[in-house]
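K.L.:
How does the following fold in three dimensions:
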Amino acid sequence: MFISVKELELHEVSFNEAFPAGSMDLGPDVRLRTPLKSSGRANLIEEHVGRKRAIEDIRLVGEFSTSLELSCARCLEPVTQDVERTFDLLYRPQGADAGIEEAPVAEAEAEISYYTGDGLLLEDVLREQMLLAVPLKVICREECRGLCPHCGKNLNHEQCSCAGSASDPRWSPLKDLKDKLQG
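P.N.:
Below you'll find the model as predicted:
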């Protein structure tokens with residue numbers, strides 16, 4: 001759904017959109033498992049900069065919910081993560097701040113994003129919000145044993161016959177130093 005500045009100049013725009021599972025590209029590590037449901041509204045906010053200049057920002061307020069599939073950080077098995085989020089976002093035209101004297105960024109201004117052209121795509125906003133909601137690392141369960149670093153077998157399903165912990169030869173000078181200090 002395209003949110004147009006021209007339409008927002010006339011009236012507030014409400015949205016209630018659903019995107020099918022798998023319809024958004026979230027990168028190689030994240031997949032949309034269930035439909036993404038979103039609802040909210042968009043309106044234009046006029047911000048006065050100086051006496052004669054005004055900037056028209058797009059304000060998006062809404063919520064979304066879906067279920068994502070990620071890979072476990074230890075064993076690479078699929079993990080389902082439910083995501084429900086509300087958002088209150090401000091988008092300013094690209095270049096609208098040009099020519100304004102450089103000043104410290106206020107906390108409220110740190111939350112401003114920028115758009116180019118005649119508006120913005122709701123899909124792009126939701127994609128960004130979903131990716132921000134994804135944790136850096138997800139594990140399938142606390143007891144996950146992960147993959148064997150030598151043969152790559154999933155240690156949750158089978159035991160491997162690899163030797164115990166083979167040490168990295170780059171650490172041997174530190175091991176020698178430790179042995180001297182303890183001896």
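K.L.:
Let me see the ranges of the strands in this protein.
P.N.:
In the chain, the strands defined using DSSP state E lie at 2-4, 13-19, 31-32, 36-49, 53-71, 78-93, 112-115, 119-121.
K.L.:
Now do the buried residues in stretch 112-121.
P.N.:
By neighbour count on 16 or more other CB atoms under 10 Å, the buried set for stretch 112-121 is 112-113, 115, 119-120. All C-beta spots, glycine's among them, are computed from the backbone N, C-alpha and C.
K.L.:
what's the answer for stretch 74-86, then?
P.N.:
Under 16+ other CB under 10 Å, the buried positions of stretch 74-86 are 74-75, 79, 83.
K.L.:
now it: mean pLDDT?
P.N.:
Average pLDDT, stretch 74-86: 92.
K.L.:
Not counting that stretch itself, show me its contacts.
P.N.:
33, 62-72, 129-130, 133-135, 138-140, 144-147, 154-156 (CB atoms under 8 Å, 6 or more residues apart in numbering).
K.L.:
Look up how far residue 63 lies from the closest residue to residue 135 other than its chain neighbours.
P.N.:
Spatially, and ignoring its direct neighbours in sequence, residue 135 is nearest to residue 81 (7.5 Å; CB to CB, 6 or more residues apart in numbering). For residue 81, the distance to residue 63 equals 17 Å [CB to CB, to the nearest Å].
K.L.:
picking that back up, what sits opposite the residue nearest to residue 135 in the beta ladder?
P.N.:
residue 68 (DSSP bridges).
K.L.:
got it, and the one 4 residues further on?
P.N.:
On DSSP bridges, the residues paired with residue 85 through beta bridges are residue 64.
K.L.:
Which one of the buried residues of stretch 74-86 is nearest to residue 19?
P.N.:
residue 83 (13.2 Å; CB to CB).
K.L.:
Could you check how far the closest one is from residue 119?
P.N.:
In terms of CB to CB, residue 83 sits 25 Å off from residue 119.
K.L.:
Each with direction, which strands does the worst-scoring helix or strand of the chain on mean pLDDT pair with?
P.N.:
Within the chain, no helix or strand scores below strand 112-115, which has a mean of 84 by mean pLDDT, DSSP states H and E. Pairing partners of strand 112-115, with direction, according to DSSP bridges: strand 78-93 (parallel).
K.L.:
Okay, angle between the strand it pairs with and strand 36-49 too, please.
P.N.:
30 degrees (axes from the mean of the first three to the mean of the last three CA atoms, to 10 degrees).
K.L.:
just curious, which of the buried residues of stretch 112-121 is nearest to residue 39?
P.N.:
residue 120 (17.0 Å).
K.L.:
any idea how far the closest one is from residue 11?
P.N.:
17 Å.
K.L.:
do residue 60 as well
P.N.:
The gap separating residue 60 from residue 11 is 15 Å, by CB to CB.
K.L.:
Give me the more crowded residue out of these two.
P.N.:
Neighbours per residue, other CB atoms under 10 Å: of residue 60 and residue 11, the larger number sits with residue 60, 22 against 9.
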